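Novice: Any chance you could fold what I've pasted below:
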Amino acid sequence: MFEYFTVAVALGGSALAGAYDLKTTEIPDEISLGMVAAGLILNLAYSIVQWNPIYIFQSAAVGSVFFTFGLIMYLGGQWGGGDAKVLTGIGTLVPTLPAFSGATQIFPFSAVLIINLFMIGAVYMIIYAVFFAVTRESVLEDFKERVVSDRKRITAICLLPLIPALIYASMNTGIELLYFIGLVPIFLALLLLFRFLKSVEDTGFEKTITVDDLEAGDMLAEEVEEVDVEHDATEELKGLSKFLLSFTILPVAMYLFNVTGGLYFAMSLPGPLLGVALGITYLLYSSDLNLPGSVFESSSTRIRGLEEEEVEKISSNREEVSIREGVRFVPAFPMALAFSVYYGNILLLII
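Specialist: Below you'll find the model as predicted:
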């Protein structure tokens with residue numbers, strides 16, 4: 001019953017977060033952090049009842065590595081902060097494959113969940129992009145222009161598989177010839193898909209608006225000094241480093257309880273190690289070495305909504321600004337969780 005309850009909380013919490021993401025692009029911390037707290041508290045209680053610390057260690061270790069992974073995605077400008085928090089909540093609530101699941105487990109459940117998240121997420125993003133494009137005529141017009149202007153290159157690439165097919169046909173006969181010919185529509189579909197997604201990104205997801213239309217919660221598509229000046233990257237590195245180094249308490253606790261020989265002890269290490277790496281990076285960039293390049297993705301273009309104060313600063317210094325919409329990715333989280341629990345690794349169905 002315990003695992004049924006934690007899975008239900010994870011599914012319900014991530015589904016609610018996905019609904020908020022679709023409606024407002026913002027995920028309340030009460031949901032994501034509530035999931036994290038619920039996972040740690042419930043697994044701690046279960047450890048006490050069973051008089052076995054492994055359950056809280058599993059919860060904290062998977063939550064730690066999921067948060068570390070989500071943080072890397074966030075700093076790289078690929079995810080929003082809410083995505084990382086929701087993933088952490090799922091990890092603390094469902095760190096292992098539930099006993100009631102009939103799924104075949106070859107890889108650790110945490111790895112299966114990440115694999116399924118990206119596989120299902122890719123399909124979800126394509127469907128999302130299609131619905132998004134249908135509501136915006138400019139996206140479809142741009143896609144048609146791209147295909148027409150690039151038709152010669154598309155045709156040439158699609159016909160490439162026919163070269164080995166003709167060579168093979170001159171040497172042998174058999175059904176294998178169909179494999180090469182079958183690549184033609186696959187190449188065509190992929191090329192059209194790439195151009196379609198590029199049209200969605202350039203024409204649909206990004207647009208320039210006047211500052212009078214800028215609202216809190218909008219995401220910037222360009223670097224804005226008025227925002228970046230408030231976010232010193234080196235100081236942010238320092239804060240993140242201190243926070244991640246606090247995760248050291250987990251491997252230390254596992255060592256004291258003599259739980260150091262398995263997967264979950266290893267999963268407790270990436271957080272503190274990333275903290276050390278960010279700390280070293282902070283020391284390098286805060287020195288007088290004049291290192292080239294940026295520390296990581298600009299804070300103004302990172303996937304997050306603007307605060308009201310930031311909107312006011314931009315409005316007082318600019319007339320126009322570029323914003324982006326982006327894919328609301330969180331709804332893919334409960335889909336991936338449900339698939340992982342009840343079916344297992346999606347790659348086993350494909351291969």
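
Novice: Tell me the buried residues in the one helix or strand Ile157 maps to?
Specialist: Using DSSP states H and E, Ile157 sits within helix 151-159. Neighbour counts over helix 151-159 (16 or more other Cβ atoms under 10 Å) mark Ile154, Cys158 as buried. C-beta coordinates here come from the backbone N, C-alpha and C atoms, glycine included.

Novice: Summarise which helices and strands it is packed against.
Specialist: Applying 3 or more Cβ pairs under 8 Å, 6 or more residues apart in numbering; DSSP states H and E, one finds that helix 151-159 contacts helix 176-199.

Novice: For the helix it packs on, what does the pLDDT average out to?
Specialist: Mean per-residue pLDDT for helix 176-199: 74.

Novice: That one to helix 151-159, inter-axis angle?
Specialist: Relative orientation of helix 176-199 versus helix 151-159 (axes from the mean of the first three to the mean of the last three Cα atoms, to 10 degrees): 140 degrees.

Novice: Now do helix 176-199: everything it contacts.
Specialist: With Cβ atoms under 8 Å, 6 or more residues apart in numbering as the test, helix 176-199 has contacts from 126, 129, 133, 139-140, 142-143, 146-147, 150, 154, 157-162, 164-165, 168-169.

Novice: Give me the contacts around the helix holding Ile157.
Specialist: Under the contact criterion Cβ under 8 Å, 6+ apart, helix 151-159 has outside partners Val147, Val184, Phe187, Leu188, Leu191, Leu192.

Novice: ok, the third one to Asp212 distance?
Specialist: It refers to Phe187. 46 Å (Cβ to Cβ, to the nearest Å).

Novice: When those two are compared, which one has more neighbours?
Specialist: Neighbours were counted for Phe187 and for Asp212 using other Cβ atoms under 10 Å; Phe187 has more, 16 against 9.

Novice: Strands along the protein, start to end?
Specialist: Using DSSP state E, the strands of the chain run over residues 206-210, 219-220, 320-324.

Novice: Export those to CSV and append columns for mean pLDDT and mean neighbour count.
Specialist: Below are the strands of the chain laid out as CSV (pLDDT from 0 to 100; neighbours: other Cβ atoms under 10 Å):
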stretch, mean pLDDT, mean neighbour count
strand 206-210, 81, 13
strand 219-220, 78, 22
strand 320-324, 83, 16
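
Novice: so can I have TSV of these showing distance to Phe2?
Specialist: Shown next, in TSV, are these (distance: least, Cβ to Cβ, whole Å):
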stretch	distance to Phe2
strand 206-210	46
strand 219-220	39
strand 320-324	42
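
Novice: Tell me which of those strands sits nearest to Gly12.
Specialist: strand 219-220 (26.8 Å; Cβ to Cβ).

Novice: Check which helices and strands the closest one is in contact with.
Specialist: Under the contact definition 3+ Cβ pairs under 8 Å, 6+ apart, strand 219-220 sits against strand 320-324.

Novice: relative to strand 206-210, how tilted is the strand it packs on?
Specialist: Using the same axes, to 10 degrees: strand 320-324 against strand 206-210 is 150 degrees.

Novice: Of the contacts of helix 151-159, keep whichever come out buried.
Specialist: Among the contacts of helix 151-159, those classed as buried by 16+ other Cβ under 10 Å are Val184, Phe187, Leu191.

Novice: if I look at the first one, how far off is Leu160?
Specialist: When Cβ to Cβ is the yardstick, Val184 and Leu160 sit 9 Å from each other.

Novice: what does Gly305 give?
Specialist: Distance of Gly305 to Leu160, given as Cβ to Cβ: 44 Å.

Novice: Leu244 now?
Specialist: 47 Å.

Novice: likewise Leu220?
Specialist: For Leu220, the distance to Leu160 (Cβ to Cβ) stands at 40 Å.

Novice: Which of the contacts of helix 176-199 are buried, as a ChimeraX select command?
Specialist: For the buried members of the contacts of helix 176-199, the matching ChimeraX selection, counting by 16+ other Cβ under 10 Å, is:
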select :129,133,139,140,142,143,146,154,158,161,165
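
Novice: re the thing from before, wait, which of the strands of the chain is closest to Gly34?
Specialist: Within the strands of the chain, the stretch nearest Gly34 is strand 219-220; the backing value is 24.1 Å (Cβ to Cβ).

Novice: For Ala122, the count of nearby residues, please.
Specialist: Ala122, neighbours per other Cβ under 10 Å, totals 11.

Novice: nope, Phe194 is what I was after
Specialist: Phe194 has 11 nearby residues by other Cβ under 10 Å.

Novice: what's the nearest residue to Leu44 if we skip its chain neighbours?
Specialist: Using Cβ to Cβ, 6 or more residues apart in numbering and skipping residues adjacent in sequence, the residue nearest Leu44 is Ile56, 4.6 Å away.

Novice: who are the neighbours in contact with the one you found?
Specialist: Counting by Cβ under 8 Å, 6+ apart, Ile56 makes contact with Leu40, Asn43, Leu44, Tyr46, Ser47.

Novice: contacting residues for the second one?
Specialist: Just to be clear, that refers to Asn43. Thr6, Tyr55, Ile56, Gln58, Ser59, Ala60, Thr92, Pro95.

Novice: What spatial separation is found between it and Pro272?
Specialist: According to Cβ to Cβ, Asn43 and Pro272 sit 20 Å apart.

Novice: what do you get for the first one?
Specialist: Taking Cβ to Cβ as the measure, Leu40 falls 18 Å from Pro272.
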